[in-house]
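J.: fold the following for me, if possible:
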Amino acid sequence: MTRLLQHEVSAPSRDRAQEIESLGPWFHNLHLPDGSQTAPAHPLGDFPAFKWREIEPFLPNDLTGWTALDIGCNAGYYSFELARRGARVTGIDIEPLFLRQAEWAAAEFGLSSGIDFRRLQIYDLAHERADYDLVLFMGVFYHLRYPLLGLDIVAEKVNRLMVFQTLTMPGDEVDESTEVDRDINDREAFREPGWPKLAFIEHRFSGDPTNWWAPNHAAAEAMLRSSGLRVTARPGHEIYLCEPNRDAVPWPRSDGRSEFLSATGSADRDF
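T.: Numbering: from 1, shown residues only. Model prediction:
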């Protein structure tokens with residue numbers, strides 16, 4: 001028998017392949033302990049492994065004692081990587097199929113005890129008391145009908161770090177004059193490439209009717225700042241590493257607090 005090269009894996013048995021297929025369709029290509037993969041023909045390639053390789057150098061190797069939140073966890077790829085580093089992970093998603101996949105895969109990896117998968121909308125986090133040392137907010141923002149509300153809710157949950165990723169418009173320009181107060185009729189600056197703006201997608205994009213928004217780079221950074229976060233690095237295209245800005249009081253915690261509490265239906269309204 002020809003010896004397999006180190007990077008090669010044998011094909012899964014028919015029963016194993018059928019087991020994996022019965023849990024599909026898969027969006028995360030998980031590399032299972034026996035060498036099987038859940039989506040080896042993924043149209044994006046080995047997804048999300050290549051995304052993880054971009055962000056992992058920016059995260060502590062040892063997350064022991066950290067709590068982590070994986071928003072839109074899908075089949076759990078990122079949750080598993082964080083759990084392997086020692087974090088106590090909560091993974092949330094609204095799609096029951098993905099949560100079934102994630103729970104099944106957690107058992108396959110022997111990681112079930114370190115991860116809690118829950119069916120939640122991002123807006124439900126406003127009513128959760130827990131906050132987290134590390135939050136992964138990747139591939140979700142542009143699917144939100146109410147994106148800035150979602151970001152404001154998440155920002156309040158971040159103790160140390162957040163990794164944020166969103167679909168964006170082309171271009172990295174940043175207009176440095178956005179802090180200038182202008183007359184009501186002085187709007188030409190809005191046309192500049194570096195002015196923060198969002199493209200609204202009314203119908204569908206890439207076949208998905210929930211792809212609602214595509215901010216430009218300037219808007220992504222501006223929205224993160226306005227929600228109380230400081231961008232500290234850009235690990236990859238459309239990816240932002242953030243930390244809480246302790247020197248600023250963001251609008252949702254100051255003048256906009258009553259609106260934020262009303263929008264989230266919070267019971268502890270302080271107005």
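
J.: so what touches the longest helix belonging to the chain?
T.: When the chain is parsed with DSSP state H, its longest helix is helix 96-109. With C-beta atoms under 8 Å, 6 or more residues apart in numbering as the contact definition, helix 96-109 has outside contacts at 23, 25-28, 30, 32-33, 38, 73-76, 79-80, 91, 93, 112, 115, 117-119. For the C-beta atoms, the positions are set from N, CA and C on the backbone; glycine is no exception.

J.: now, those residues that are in strands?
T.: Using DSSP state E, the members of those that fall in strands are 91, 93, 115, 117-119.

J.: show me which pair in those residues is furthest apart.
T.: Greatest spatial distance among the ones in strands among the contacts of helix 96-109 (C-beta to C-beta): Ile115 and Arg119, at 14.1 Å.

J.: when those two are compared, which one has more neighbours?
T.: Ile115 (24 against 12; other C-beta atoms under 10 Å).

J.: bridged to that one, which residues?
T.: Ile115 has these beta-bridge partners by DSSP bridges: Val89.

J.: ok, it - contacts?
T.: Applying C-beta under 8 Å, 6+ apart, we find Ile115 in contact with 76, 79-80, 83, 89-91, 102, 106.

J.: tabulate the residues you listed (CSV), appending pLDDT, neighbour count and distance to Ser266.
T.: Output for the contacts of Ile115, formatted as CSV (pLDDT from 0 to 100; neighbours: other C-beta atoms under 10 Å; distance: C-beta to C-beta, whole Å):
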residue, pLDDT, neighbour count, distance to Ser266
Gly76, 98, 28, 29
Ser79, 98, 28, 27
Phe80, 98, 24, 33
Ala83, 98, 24, 31
Val89, 98, 30, 26
Thr90, 98, 21, 20
Gly91, 98, 30, 24
Ala102, 98, 24, 29
Ala106, 98, 23, 32
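
J.: closest to Ile201 among those?
T.: Distance to Ile201 across the contacts of Ile115 (C-beta to C-beta) is lowest for Gly91, with 26.9 Å.

J.: identify the residue nearest the closest one in space, chain neighbours excluded?
T.: Excluding its sequence neighbours, the residue lying closest to Gly91 (C-beta to C-beta, 6 or more residues apart in numbering) is Cys73, at 3.3 Å.

J.: pLDDT at the one you found, what is it?
T.: For Cys73, the model assigns a pLDDT of 98.

J.: how near is it to Ile92?
T.: Note on Cys73: its distance to Ile92, by C-beta to C-beta, to the nearest Å, is 6 Å.

J.: and those two? Which one has more around it.
T.: A side-by-side neighbour count of Cys73 and Ile92, using other C-beta under 10 Å, places Cys73 first with 28 against 22.

J.: residues touching the more buried one, list them.
T.: Residues near Cys73 by C-beta under 8 Å, 6+ apart: 79, 91-93, 98-99, 102, 117.

J.: for Ser227, see how far away it is.
T.: Distance of Cys73 to Ser227, given as C-beta to C-beta: 21 Å.

J.: swap in Met138?
T.: Distance of Met138 to Ser227, computed by C-beta to C-beta: 16 Å.

J.: between the two, tell me which one has more neighbours.
T.: Between Met138 and Ser227, counted using other C-beta under 10 Å, the more crowded position is Ser227 (26 against 23).

J.: what are the phi and psi values for that one?
T.: phi -90, psi 0 (degrees, to the nearest 10).

J.: hmm, it is touching Ile153, no?
T.: No - when contacts are counted by C-beta atoms under 8 Å, Ser227 is not listed as touching Ile153 (9.0 Å).

J.: burial of the residue lying closest to Gly65 once chain neighbours are set aside, as a residue count?
T.: Excluding its sequence neighbours, the residue lying closest to Gly65 (C-beta to C-beta, 6+ apart) is Gly86, at 7.3 Å. Using other C-beta under 10 Å, Gly86 is surrounded by 16 other residues.

J.: go on, Leu59?
T.: 21.

J.: with Pro250 instead?
T.: Pro250 has 20 neighbours, counted by other C-beta under 10 Å.

J.: grab the nearest non-local neighbour of it.
T.: Excluding its sequence neighbours, the residue lying closest to Pro250 (C-beta to C-beta, 6+ apart) is Gly228, at 3.4 Å.

J.: roughly how far does that neighbour sit from Leu69?
T.: On the measure of C-beta to C-beta, Gly228 and Leu69 end up 16 Å apart.
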